[in-house]
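Participant: need a structure here:
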Amino acid sequence: MKFYKLDSAEAIAKLVNEIGFLPFFANETVGFSVEENCPSELWFSDTADGPWEWKGPVIRSGCLYGKFFRNKAGFVSREWFADFANYRRDGYDFDSRMDEGIAPKKEAELYLAVTNQGKLLSKRLKQLCDYRKGGNTGFETAITRLQMQTYVDTSDFVYMTDKTGKTYGWGVAEYSTPEYRFGYDEITTAYKREPAESFRRIVRHLQTVFPEADKQTIEKTIKL
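Facilitator: I've put the predicted structure just below:
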């Protein structure tokens, strides 16, 4: 199985654009993750940035990021995202899901809040949709579902700053939609194909990248 050396944000972005898909964490396909290809000493270094800090720069370089792979995070290239969205959405824009009454209420509320603002930090999104003590529950479940269906992605990670302007803590996720970032026409390019054909295209492509992995294993990673 081929492995890659991911020691910078640029290296991750290059690999995402080369192979199209890159889960953040290890999965059934050996070698198919940031986790397996990034040196262990960079994950929690006190002296150098690592994969946690690189997520924002990779996103800003033009890759898409979200909980796309079995409810866990990962990257997809712009080249392959249209087919990915076509398969995951199964022929529905989110507006169509709402019109047909098949969009769960919590997901619809979150989606509308994001689209009305363009992009929203997670803590602000929670405030707008009343995810607080004594309010709504299940935020992570709903926002993960929206990402798995490709209606929402993580458009950046924003770090808080102290009074001196120094950043601290973990980056706060900023949510948006792929359409907001890249335009409706680009994201829906593959709508002319049946969702099942987009799925087959993705699996065939990944079989060429990971020829030692069996088809069922790759399908398991890509399936909704």
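Participant: Please, which helix or strand holds Y159?
Facilitator: Assigned by DSSP states H and E, Y159 falls within strand 153-161.
Participant: Backbone torsions only: list them for the residue nearest in space to the middle of the chain.
Facilitator: Nearest to the mean C-alpha position of the chain, by CA atoms, centre = their mean, lies G66 at 1.8 Å. Here the main-chain torsion angles of G66 (degrees, to the nearest 10) amount to phi 180, psi -180.
Participant: contact partners of the strand holding Y159?
Facilitator: 55-56, 59-60, 64-66, 73, 119, 121, 147, 167-178, 180-181 (CB atoms under 8 Å, 6 or more residues apart in numbering). C-betas here are computed from N, CA, C, even on glycine.
Participant: so who does the residue nearest to the centre of the chain touch?
Facilitator: Taking CB under 8 Å, 6+ apart, one finds A73, G74, Q147, T150, V152, D153, T154 in contact with G66.
Participant: Repeat that for I19.
Facilitator: L206, V209.
Participant: Centre of the chain to the lengthiest helix in the chain, how far?
Facilitator: In the chain, assigned by DSSP state H, the helix with the most residues is helix 195-209. Its chain's C-alpha centre and that of helix 195-209 lie 18 Å apart, by CA atoms, centre = their mean, to the nearest Å.
Participant: buried sites along the following helix or strand past that helix?
Facilitator: Counting by DSSP H and E, the element after helix 195-209 in chain order, helix or strand, is helix 215-222. Residues T217, I218, E219, T221, I222 are the ones in helix 215-222 that count as buried (16 or more other CB atoms under 10 Å).
Participant: so what's T189 closest to, chain neighbours aside?
Facilitator: The shortest distance from T189 to any non-neighbouring residue, by CB to CB, 6 or more residues apart in numbering, is to A82 (4.2 Å).
Participant: isn't that neighbour right next to I187, touching?
Facilitator: Yes - using CB atoms under 8 Å, A82 is in contact with I187, at 6.1 Å.
Participant: coming back round to it: of the contacts of G66, which is the most crowded?
Facilitator: V152 (28 neighbours; other CB atoms under 10 Å).
Participant: Produce a PyMOL select command limited to the buried residues of the contacts of strand 153-161.
Facilitator: In PyMOL syntax, the buried subset of the contacts of strand 153-161 is picked out as below (16+ other CB under 10 Å):
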select buried, resi 55+56+59+64+65+66+73+119+121+147+171+173+174+175+176+177+178+180+181
